[in-house]
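> Predicted coordinates and the sequence they were generated for:
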Amino acid sequence: MIAKDYSFTGKKVGILGLARSGLSAARLMLKAGAYPFVSDYSKSEEVIQNGYILNELSIPFEVGGHTPRLYQDQELIIISPGIPQKSPIVEEIKKHRPDLPLLSELEAAFYFNRGRIIAITGSNGKSTTVALTGKILADAGIKTFVGGNIGIPFSSFVQNTTPDCIVVLEISSFQLDNIINFYPWIAMILNLTPDHLNRYEDLEHYYSSKERIFMNQGNEDYLILNYDDPEIQARIKTAIPRTIYFSRLRSLNRGAFIDNDKIYIQLGEGSPEAVMGIHEPGLKGPHNLWNILAALTAATLVGVKVESAARTIQDFKGIEHRLENVGSIGQVKFINDSKATNVDSVYYALQSYKEKLVLILGGQDKGGDFSRLKPLIEKRVNSIILLGEASEKIAQILHRAAPIRFSRSMKEAVEMAYELAYPDRIVLLSPGCASFDMYRNFEERGKDFKNSVERLANKKVVEHV
C-alpha cells in the first residue's frame, strides 16, 4: 500500500506503455526526481515518435517487447490505461514481483494535484459532459483544467494545478482499475451499460470498476448519479452521505431535473430554480439532456450562478467526433459520431435525427449486443454499410433490419453511403465498435471519415464544372 503523502523522489519507476499517458507519466516522474524506465510492446509510429522524445530527455526505454528490466529493480509500476489487467506482462509482473505496487497514470498524477477534482465516468456521455462542465466553469471565471481520458493525460498538467482551481477529469474504468488513494471532491456516474466485454470477464467486473470512482470519498465530498439508470439504482444502495441525483424523467427534491419541458436545479432551500426550456441547449438529442443535467449539477455545487451556466449550455454545440456535423454534399448531410464505440452510443445517435439515415457501422468488436438496435434501425435507417473486423457478426444480427452492404475502406464507405443517401438523407458514421482494427484511435477514424467526405465533395464539384 502507498501512503497518501508518498514521495516519488529518488524512486525507480517502471512505466508500462509509451502512448500519450505513458509519455506524460515519464515526464512527470522525471520532474519529480524519480528514475523512470518505459517499456512498450508495440513499435507503432506513435510509440517510435515518443521514443525520440524520451531520448532527448535521457529517459531509458524499450519498445517492441518487454524485458525483466521493467520490473526487476523498480519500486513501483505505472500502468497506462490501454494495458489490460490480464495482459501477459501484467501477469508476469504479479508473478515475479507480487509486492510491486501497480498504479494507474491517474493515481500517480493524483499525488501532485493541488486543486479540487470533478471526476466523471460512465459508459456513455463522459467526454461531452466533461467538456461542457469545464466550459461552464471557465465561462464563469473559475480557473479550470480539463483532461483525463478525454485525450489530455492528468499527468501532463497536474503540476500546474493550484488550490483555487477545479480539475475536470474524464475517467475510464481502465484508469480506475489501479487506483489506491485517488478520490475526487465531486464524483459522477452518468450511466452503466454493457461495454468493454472484450476486456472484462463479465458485466459485474466492468460495473465494479466504474464504482471505484467514489470508493475513497469522504463526508465532505459529493457523488452525482443518474436517477433514471436502472443499473445505478440497483447497484449503488449505499454511498457517501452527500449523494445528489439528476433525472430526465421525474422531479426531484434535490438535484437537476426536467418538469413540463423545463430544466430545473434544486440544491439548497427554497423552490427549484428554472434554468431553461429543454429545446434551448446547443446540444441536441434526448440523451444529451442527461449530460446537461449532470454538468449543471456539478457546476452549481462549485458555485456557478444559474444565469451563467444557462448561457454556456445554450452556446455549447458539442465536441469533435460526437454527432459532429461535418458538412453536406448537395442535400446529403454527413455526421461524424466516431466516438460511438459501443452499442448504446449508436442507440442514442439513432434517436437524434428525424430524417432517414444511411448508417456506417463496424470496427473491432467489444462484445456489444447489436440486436438491441433492430427496432430503431427498422424505423430510422434506410441502409447499413459495414466496415471492419466485426462486419460479418453485425451482418448476421441485423440482416433483416435494413439492407446491408460491405466496404473495405472509409473512403469506399463514404462514397457508397452518398449514393444510397442521395438526394436528401443523412449519412451517419456511428460505428458501435472500437477502432483498433484499422486505426490508432477513434479520433483517427473520425478524421478519415471527414477527409473522405471532403474528397468526395471536391470530386462532385469537379464533376459539375
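Noted; the coordinates are in hand.

> Who are the contact partners of Lys450?
By Cβ atoms under 8 Å, 6 or more residues apart in numbering, Lys450 lies in contact with 326, 336. (C-beta placed from N, C-alpha, C; glycine too.)

> From Ile120, how far off is it?
To Ile120, Lys450 is 26 Å away according to Cβ to Cβ, to the nearest Å.

> now swap in Gln351 and tell me
Look at Gln351 and Ile120: by Cβ to Cβ, they are 22 Å apart.

> Stretch 307-320: which residues count as buried?
Neighbour-count burial for stretch 307-320 flags 308-310, 312-313, 316, 318-320 (criterion: 16 or more other Cβ atoms under 10 Å).

> Closest to Lys237 out of the residues you listed?
Using Cβ to Cβ, Ala309 comes nearest to Lys237 of those, at 30.6 Å.

> Look at that closest one and report its pLDDT.
If you check Ala309, the pLDDT there is 98.

> My read is that it contacts Ala298, right?
No: Ala309 lies out of contact with Ala298 (Cβ atoms under 8 Å); the separation is 10.0 Å.

> and the longest helix along the chain, how far out from the chain's middle?
Using DSSP state H, we find that the single longest helix of the chain is helix 442-463. Computed by Cα atoms, centre = their mean, to the nearest Å, the chain-centroid distance of helix 442-463 equals 25 Å.

> quick one on the thing from earlier: and the buried residues of stretch 307-320, which is closest to Ile258?
Within the buried residues of stretch 307-320, the smallest distance to Ile258 is 13.2 Å, found for Ile313 (Cβ to Cβ).

> So the closest one: helix, strand or coil?
Judged by DSSP: H, G, I helix; E, B strand; the rest coil, the three-state class of Ile313 is helix.

> For it, give me its contacts.
By Cβ under 8 Å, 6+ apart, the contact set of Ile313 is 132, 136, 275-276, 280-283, 292, 295-296.

> So which of these is surrounded by the most neighbours?
Neighbour counts for those, by other Cβ atoms under 10 Å, peak at Ala295, which reaches 33 neighbours.

> Next one: it relative to Gly14, how far apart?
Distance from Ala295 to Gly14, by Cβ to Cβ: 37 Å.

> what do you get for Asn55?
From Asn55 across to Gly14, the span is 18 Å (Cβ to Cβ).

> More neighbours: which of those two?
Higher neighbour count among Asn55 and Gly14: Gly14, with 26 against 11, using other Cβ under 10 Å.

> Tell me what the more buried one is bridged to.
Beta-bridge partners for Gly14, by DSSP bridges, are Phe37, Ile77.

> That one against Ser39, yeah?
Yes: using Cβ under 8 Å, Gly14 is in contact with Ser39, at 6.8 Å.

> Give me the neighbour count for His399.
Using other Cβ under 10 Å, His399 is surrounded by 11 other residues.

> Assumed Tyr206 was part of a helix.
Yes: counting by three-state DSSP, Tyr206 is part of a helix.

> is it true that it touches Tyr200?
Yes: counting by Cβ under 8 Å, Tyr206 touches Tyr200, with 4.2 Å between them.

> Common neighbours of those two, please.
Counting by Cβ under 8 Å, 6+ apart, the common neighbours of Tyr206 and Tyr200 are Ser173.

> quick revisit: determine the residues that are contacts of both of Gly14 and Ser39.
Shared contacts of Gly14 and Ser39 (Cβ under 8 Å, 6+ apart): Leu70.

> Report the spatially nearest residue to Gln185, omitting neighbours in sequence.
For residue 185 the amino acid is Trp, not Gln. Counting by Cβ to Cβ, 6 or more residues apart in numbering, Arg116 is the residue found nearest to Trp185 once chain neighbours are left out, at 4.2 Å.

> residues contacting that neighbour?
For Arg116, the contact set (Cβ under 8 Å, 6+ apart) comprises 165-167, 185-186.

> Show me the shaky parts of the stretch 151-300 of the chain.
For the stretch 151-300 of the chain, the stretches flagged by pLDDT under 70 are 197, 238-241.

> mind listing the strands for it?
Using DSSP state E, counting those that start in this stretch, the strands of the stretch 151-300 of the chain run over 166-170, 186-189, 222-226, 243-247, 255-259, 262-266, 273-277.

> What of the stretch 1-150 of the chain?
For the stretch 1-150 of the chain, strands defined by DSSP E, counting those that start in this stretch occupy the ranges 12-16, 35-40, 61-63, 76-79, 102-104, 116-121, 144-148.

> As TSV, those strands with distance to Ala421 and mean pLDDT would be great.
Shown next, in TSV, are these (distance: least, Cβ to Cβ, whole Å; pLDDT from 0 to 100):
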stretch	distance to Ala421	mean pLDDT
strand 12-16	44	98
strand 35-40	41	98
strand 61-63	43	97
strand 76-79	44	96
strand 102-104	43	96
strand 116-121	35	98
strand 144-148	35	97
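
> Let's have the ones you listed in JSON lines, adding distance to Leu23.
Shown next, in JSON lines, are the strands of the stretch 1-150 of the chain (distance: least, Cβ to Cβ, whole Å):
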{"stretch": "strand 12-16", "distance to Leu23": "9"}
{"stretch": "strand 35-40", "distance to Leu23": "8"}
{"stretch": "strand 61-63", "distance to Leu23": "10"}
{"stretch": "strand 76-79", "distance to Leu23": "11"}
{"stretch": "strand 102-104", "distance to Leu23": "15"}
{"stretch": "strand 116-121", "distance to Leu23": "22"}
{"stretch": "strand 144-148", "distance to Leu23": "14"}
